[in-house]
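Trainee: after the sequence you'll find the predicted model.
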Amino acid sequence: MLDTGLLIIRLVIGFIMIGHACKKLFGWFGGEGVSGTAEFFGAIGLKPARALAVCAGLAELIGGFLFGVGLWIIVGAILLMLPMVVAVAKVHADKGLWNLNGGFEYNLVMIGSLLGVALAGAGAYSLDALI
């Protein structure tokens, strides 16, 4: 059952993060696309905003795919943790823990889950195990 549990966690996180990437890169799912993401990044002091918006979107897209399919699980987890850490530092930290107040609760759950799976390994139902 451990391998099934790891598969479920990987797929859920992978698909959610691919969705976040599509919001940033393509404007799908109600997102703002690269231009809107760059505008937000600039407003919170991230420069060069457009390049960082593309980098964040690509990190979430590539990391979400790698994590979801269980390929290079540590690389995938790191790619997904980087934007989460930046989001905590630049947007959520001063609002406290709870998401209801704009805090970093969601980010902390994601970072903990990513780190936990990366340390445990992708499991038997993964491309890492297949290779």
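Mentor: Perfect, thanks for sending it. Numbers count the residues shown, from 1 in each chain.
Trainee: for the residue positioned nearest the centre of the chain, which non-adjacent residue is closest in space?
Mentor: Nearest residue to the geometric centre of the chain (CA atoms, centre = their mean): Leu80, 3.6 Å. Take Leu80 and drop its neighbours on the chain: the residue closest to it by CB to CB, 6 or more residues apart in numbering is Gly63, 4.0 Å away. For every residue, glycine as well, the C-beta is placed using N, CA and C.
Trainee: distance-wise, check that neighbour relative to Gly123.
Mentor: According to CB to CB, to the nearest Å, Gly63 and Gly123 sit 18 Å apart.
Trainee: among these two, which residue is more densely surrounded?
Mentor: Ranked by neighbour count (other CB atoms under 10 Å), Gly63 and Gly123 place Gly63 first, with 26 against 20.
Trainee: tell me the secondary structure for the more buried one?
Mentor: Following DSSP: H, G, I helix; E, B strand; the rest coil, the label given to Gly63 is helix.
Trainee: so it makes contact with Ile74?
Mentor: No. Applying CB atoms under 8 Å as the test, Gly63 and Ile74 come out as separate, 10.7 Å apart.
Trainee: follow-up on the earlier one: what separation do you get for the residue nearest to the centre of the chain and Ser113?
Mentor: Distance of Leu80 to Ser113, computed by CB to CB: 10 Å.
Trainee: next one: Asn101
Mentor: In terms of CB to CB, Asn101 sits 22 Å off from Ser113.
Trainee: who has more neighbours, those two?
Mentor: Neighbour count, other CB under 10 Å: between Asn101 and Ser113, Ser113 has more, with 17 against 10.
Trainee: pretty sure the more buried one is touching Ile9, no?
Mentor: Yes. Contact criterion CB under 8 Å: Ser113 and Ile9 qualify, at 6.3 Å.
Trainee: coming back round to it: what about the residue nearest to the centre of the chain, which helix or strand?
Mentor: Here Leu80 is covered by helix 73-87, with elements defined by DSSP states H and E.
Trainee: packing partners for that helix?
Mentor: If you count contacts as 3 or more CB pairs under 8 Å, 6 or more residues apart in numbering; DSSP states H and E, helix 73-87 packs onto helix 2-26, helix 49-69, helix 105-120.
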